[in-house]
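# Structure for the following, please:
(2 chains)
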Amino acid sequence: MTRKRQRLYFLLLGMSALGIAVTLVLMALKQDVIYFYSPSQLTEFKVPANKRIRIGGLVEVGSVAKEGAITRFRVVDKQSGIDVAFTGLLPDLFREGQGVVAEGKLGADGGFAAAEVLAKHDENYKPKEVADALKKSGEWQREEGPAR
Amino acid sequence: MIAELGHFALILALAVALVQATLPMVGAARNQRQWMAVAGPASAAQFLFIAVAFAALTHAYVTSDFSVLNVAQNSHTDKPMLYKVAGVWGNHEGSLLLWITILALFGLAVSVLGRNLPPGLKARALGVQAMISVGFLLFILLTSNPFARLDPAPFNGSGLNPLLQDPGLAFHPPLLYLGYVGFSMAYSFAIAALIEGRVDPAWARWVRPWTLAAWIFLSAGIVLGSWWAYYELGWGGWWYWDPVENASFMPWLAGTALLHSAAVVEKRDALKSWTILLAIVAFGFSLLGTFLVRSGVLTSVHAFATDPARGAFILLLLVVSIGGSFSLYAARAPWLKMGGMFAPVSREGALLFNNVLMATGAGTVLLGTLYPLFADALSLGKVSVGPPFFNSVFLPLMVPMVVAMGIGPMLAWKRGDLAGALLRLKLSMLLALAAAAATWMLQGGSAGPWWAAGGMGLAVWLALGTLAEWAERVRLFRAPLAGLPHRIAVLPRSAWGMTLTHFGLAVFIAGMTASSAWKSESVQTQKIGETVTVAGYAFTLTDAHEVAGPNYSALEGTFTVAKDGRPFAVMRPEKRAYRQPPRPTTEAAIHGTVLGDVYAVIGDADGKGGYVTRLYFNPLVPWMWAGAAMMVLGGLVSLSDRRHRIGAPQRARAKA
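The predicted model follows:
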């Protein structure tokens, strides 16, 4: 066992770990990364149904309807909107007029079946994607809440 | 008045830290004893001043002094005392003050416990600690002053986020910070060693207990946070691969790797420059974690409303400290003499193998966590990287690691005998395969996920491998049974620590696999008297009414749960509405058994006499908590080993 040999082993070990990791990452980035769309982007791009995506915008005031454990609501930005159906308990901070992010799939009928509605700790806080998307579509009026 | 004293004390602490960051370093370079000796009293003075500041803020919280902006924004007279105190670190400014208090405490510990450290190393390590201190004190004083006044003072405060009003969360941040900041010790010693250009087993003996202590705190902090998420968020999950969870997990991975490679430096004088690199990386991840939480660049459940100036400042700190240390490393690492040689198949080889896997794992977590930032910056679209990514990248990397964890401890240092080790592990191997097969049969083949069998097999493999190694150490079947109690009694505590920790991980893996694979969940509206059955447990909603708490009112549901027709438990989940700030929270009711948790959540009334309820059976979840507790306990047992005892680095080895 010479030092050169030992260094070679180190190198081989490092390279193979790196190689495996890169392969796994590249495979995962193809399938497992979830893209975010605002309602107006959804009308603009053709998003395949049955691909897991995230959508975000404001919960339209007056759109929330509950049928048993299913909640239906509409997520909107300035230009467009999409109907969302969600089965389950909504996060504690879910409210009409507030920003929301939902994860799920587009249905054949053009509606969105949410598997998850994301909760946030802080009511002054707006998910960054939502804030950016709203700014883009001109919906952004309210200043971010008081600095804490 | 007291708040101003606190502010002033922080400024004094900054002045002291500046002295401590320079004089001892210069003294060590010129070999002037007196200059080096400044570090000791300076670290004591620094701790004193920061402790005064911390006490001042705590006083403001306890007495509800709403003329202090921070208290007015985060406290309320209605709050129970525990949360008044916990409120000190339940906000941005206060949590940074806690961070720096812990840093100063560690600095004090080095100067008091490190009497027999070589003076140059001690002076330099304390100097590096003080540099970190300077950075964070400046950050607090310039961007996040916790003592800012509010005039006129309001009659009452706006209250603490109700999600944080929980005993679990009261202790989660301090533990996490003890872990994060604890890695600064390894970092400071690593930088000091790089400046000196010397790393030897004595250095590793010094760094190991500190790293171990940090690891224990960090592990406990992470588990506490995960446990909190499990019972407080009411989603029945315990880990979401959320950016902030990742931010605490990355230093844990790097720290775990560091712990093991420091052992190689101590025992065999090898892997030195790798260990130094890990020490830098572990603390770098801790800083990055602070940055991710505090800057709000990533969407996460922990998102605090944030201020871009703060993010920029921490980013600057991060760039200077990590960039600086990597440059120093690049310049100095080639000087470090390569130590003991070892064959690829050896204890060192196995440790290195797992080190590389853990580091790679931490790298993939880093990539997944930051990828949304890159994608956004490169206009690849808004993406989120969630559990599917981490599950398909991180978990496969951990499989060979767990396999090697069973074999590694069986190998000898320097040159091991792989065939021999495998031969001694053949029973474990057979039983692991049997466990995997049994799992497959029990879940009905492909009715359950395919990886469940693998996970259970790995858990059994690791548990039995760990026990086999322990049996070998005490020569359970090889020597006369009469001497066994003695052999068990003289087993060093560090060996017990390893056995406990590795066994705990096995128990954790079993719990993690089962709870992810076979969770049962049911969401519906239930009327009073209605029964829903989940995984054989019949939940009858018998009552729902309003109850009052100290600063909230709650809807409390009562479930009578029956199993096989016999009464099993009465569970009372709540949906609370806090008054200040007005915000609802969910309090799940959990009834734990050895086989799993029965878990119930109640939601809003539907106006027609029904309530939305969410009922779960989460199999083997208590195993995860038990496994994690064993790991922390193992760390503590190992820390109590004579050889690791802080302050006793020069002493001869304990009788082994």
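
# which element is the closest residue to residue B:466 other than its chain neighbours on?
In space, residue B:466 comes closest to residue B:502 once its chain neighbours are excluded; the distance is 4.3 Å by Cβ to Cβ, 6 or more residues apart in numbering or on different chains. (Each C-beta comes from the backbone N, C-alpha and C, glycine too.) Element membership for residue B:502, per DSSP states H and E: helix B:493-517.

# residues of stretch B:315-334 that come out buried?
B:317-318, B:321-322, B:325, B:328-329, B:332-333 (16 or more other Cβ atoms under 10 Å in any protein chain shown).

# Can I get stretch B:154-161 in CSV, CA atoms only?
Provided in CSV are the C-alpha atoms of stretch B:154-161 (Å, rounded to 0.1, in the frame of the first residue of the first chain):
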residue,chain,number,x,y,z
PRO,B,154,-49.0,50.4,23.5
PHE,B,155,-51.2,49.1,26.4
ASN,B,156,-50.7,45.6,25.3
GLY,B,157,-48.6,43.6,22.9
SER,B,158,-49.6,41.9,19.7
GLY,B,159,-48.8,38.4,21.1
LEU,B,160,-46.7,35.5,20.1
ASN,B,161,-47.6,33.4,17.1
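
# what's near enough to touch the residue nearest to residue B:466?
By Cβ atoms under 8 Å, 6 or more residues apart in numbering or on different chains, residue B:502 lies in contact with B:405, B:409, B:462, B:466, B:634.

# Distance check, it against chain A.
Between residue B:502 and chain A the distance is 21 Å, computed by Cβ to the nearest Cβ, to the nearest Å.

# Helix, strand or coil: sort out the spatially most central residue of chain A for me.
Centroid check for chain A by Cα atoms, centre = their mean gives residue A:54 as the closest residue, at 3.3 Å. Following DSSP: H, G, I helix; E, B strand; the rest coil, the label given to residue A:54 is strand.

# so how far is chain B from it?
Residue A:54 is 6 Å from chain B, by Cβ to the nearest Cβ.

# where are the low-confidence patches of chain A?
A:1, A:119-148 (pLDDT under 70).

# Can you show me the strands along it?
A:33-37, A:53-59, A:65-67, A:70-76, A:81-87, A:99-106, A:112-117 (DSSP state E).

# quick one: is the last one near chain B?
No: in this structure, strand A:112-117 remains apart from chain B according to Cβ under 8 Å from any Cβ of the partner chain; the gap is never smaller than 8.7 Å.

# List the neighbours of that strand that are in contact with it.
A:52, A:55, A:75, A:82-86, A:90-91, A:94, A:100-107.

# I'd like to check the angle between that strand and strand A:70-76, please.
Computed by axes from the mean of the first three to the mean of the last three Cα atoms, to 10 degrees, the angle separating strand A:112-117 from strand A:70-76 equals 100 degrees.

# What residues sit buried inside strand A:112-117?
So, applying 16+ other Cβ under 10 Å, buried residues of strand A:112-117: A:112-114, A:116-117.

# So what does residue B:612 look like in phi/psi?
Reported as degrees, to the nearest 10, the phi and psi values for residue B:612 are phi -70, psi 130.

# Surely it touches residue B:604?
Yes: using Cβ atoms under 8 Å, residue B:612 is in contact with residue B:604, at 5.9 Å.

# Which one of those two is surrounded by more residues?
Shown here are residue B:612 and residue B:604; by other Cβ atoms under 10 Å in any protein chain shown, residue B:612 has more neighbours (24 against 16).

# what's the pLDDT at the closest residue to that one other than its chain neighbours?
Of all residues not flanking residue B:612 in the chain, residue B:603 sits nearest, at 3.7 Å (Cβ to Cβ, 6+ apart). pLDDT recorded at residue B:603 is 85.

# Residue B:603: what secondary structure?
Going by three-state DSSP: residue B:603 is strand.

# how much space between it and residue A:113?
20 Å (Cβ to Cβ, to the nearest Å).

# Just confirm yes or no for the helix or strand that residue B:96 is a member of near chain A.
Using DSSP H and E, residue B:96 falls within helix B:92-113. Yes: using Cβ under 8 Å from any Cβ, a contact is recorded between helix B:92-113 and chain A, made by residue B:92.

# for that helix, packing partners?
helix B:39-62, helix B:69-74, helix B:119-143, helix B:167-196, helix B:272-295 (3 or more Cβ pairs under 8 Å, 6 or more residues apart in numbering or on different chains; DSSP states H and E).

# any bit of the fourth one sitting next to chain A?
Think helix B:167-196. No: Helix B:167-196 stays clear of chain A (Cβ under 8 Å from any Cβ), getting no nearer than 10.9 Å.

# pLDDT of that helix, averaged?
Mean predicted confidence for helix B:167-196 is 90.

# next one: the third one
For helix B:119-143, mean pLDDT is 93.

# which SSE is the closest residue to residue B:271 other than its chain neighbours in?
Leaving aside its chain neighbours, residue B:271 sits nearest to residue B:264 (4.6 Å; criterion: Cβ to Cβ, 6+ apart). Assigned by DSSP H and E, residue B:264 belongs to helix B:243-268.

# From the chain's centroid, how far away is that helix?
Its chain's C-alpha centre and that of helix B:243-268 lie 11 Å apart, by Cα atoms, centre = their mean, to the nearest Å.

# and that helix, average pLDDT?
92.

# Go through that helix and flag the buried ones.
Applying 16+ other Cβ under 10 Å to helix B:243-268 flags B:243-266, B:268 as buried.

# Domain ranges for chain A, per the record?
A:1-32, A:35-137 (automatic domain parsing).

# quick one: is the first one near chain B?
Yes: in this structure, domain A:1-32 sits against chain B according to Cβ under 8 Å from any Cβ; the contacting residues are A:1, A:3, A:6, A:9-10, A:13-14, A:17-18, A:20-21, A:24-25, A:27-29, A:31-32.

# Could you point out the bridge partners of the nearest residue to residue A:117 once chain neighbours are set aside in the sheet?
Leaving aside its chain neighbours, residue A:117 sits nearest to residue A:102 (5.0 Å; criterion: Cβ to Cβ, 6+ apart). Under DSSP bridges, the beta-bridge partners of residue A:102 are residue A:55, residue A:117.

# Which stretches in the stretch 501-650 of chain B count as helices?
Assigned by DSSP state H, counting those that start in this stretch, the stretch 501-650 of chain B shows helices spanning B:621-639.

# how about low-confidence regions in it?
Within the stretch 501-650 of chain B, the ranges that satisfy pLDDT under 70 run B:643-650.
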